[in-house]
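1. below are the sequence and a predicted model for it; my questions follow.
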Amino acid sequence: QVQLVESGGGLVQAGDSLRLSCAASGRTFSNYAMGWFRQAPGKEREFVAAITWNGVNTHYADFVKGRFTISRDTAKNTVYVQMNSLKPEDTAVYYCAADPRGWPFPKISTYAYDYWGQGTQVTVSS
């Protein structure tokens with residue numbers, strides 16, 4: 001089992017930045033691909049970004065390319081997403097997720113991820 005705990009959400013203004021963290025514990029987190037997803041009220045959960053187990057490869061949804069950066073610190077068992085130039089439409093609950101298989105990469109479906117955190121709220125005001 002892997003336990004994931006997100007943090008770093010909050011209320012910000014359009015154009016501001018936030019960095020979300022996802023702390024992992026349990027099994028061999030370092031072997032897992034990791035992803036970030038988000039879910040706005042009344043909408044499906046959608047893919048945001050993913051990173052391979054070694055941090056070499058990343059993949060982003062088109063709507064965050066150039067604004068968000070995913071990274072991981074294996075020594076700290078933590079995955080991050082740096083979110084810049086935030087927009088009101090980025091308002092959502094953000095979830096991190098772990099894929100123990102890791103390959104193929106990237107995986108953008110929620111069904112590909114076995115473990116999920118509880119989510120952290122990001123609210124961007126205009």
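-> Arrived safely. Numbers count the residues shown, from 1 in each chain.
2. got the confidence number for the residue minimising distance to the centre of the chain?
-> The centroid of the chain falls nearest to residue 36 when counting by CA atoms, centre = their mean (2.1 Å). pLDDT recorded at residue 36 is 98.
3. show me the shaky parts of the chain.
-> Along the chain, no part satisfies pLDDT under 70.
4. show me what contacts the residue nearest to the residue nearest to the centre of the chain when sequence neighbours are not counted?
-> Leaving aside its chain neighbours, residue 36 sits nearest to residue 48 (4.3 Å; criterion: CB to CB, 6 or more residues apart in numbering). The C-beta positions use only the backbone N, C-alpha and C, and glycine is treated the same way. The contact partners of residue 48, by CB atoms under 8 Å, 6 or more residues apart in numbering, come to 35-38, 60-61, 64, 68, 81, 94.
5. run a quick neighbour tally on residue 42.
-> Neighbours of residue 42 under the rule other CB atoms under 10 Å: 5.
6. hang on, it in a helix?
-> No. Counting by DSSP: H, G, I helix; E, B strand; the rest coil, residue 42 is not part of a helix but coil.
7. now do the contacts for residue 15.
-> Per CB under 8 Å, 6+ apart, neighbours of residue 15: 85-86.
8. please tell me how far it sits from residue 30.
-> 35 Å (CB to CB, to the nearest Å).
9. now residue 99
-> 13 Å.
10. more neighbours: those two, which one.
-> residue 99 (20 against 13).
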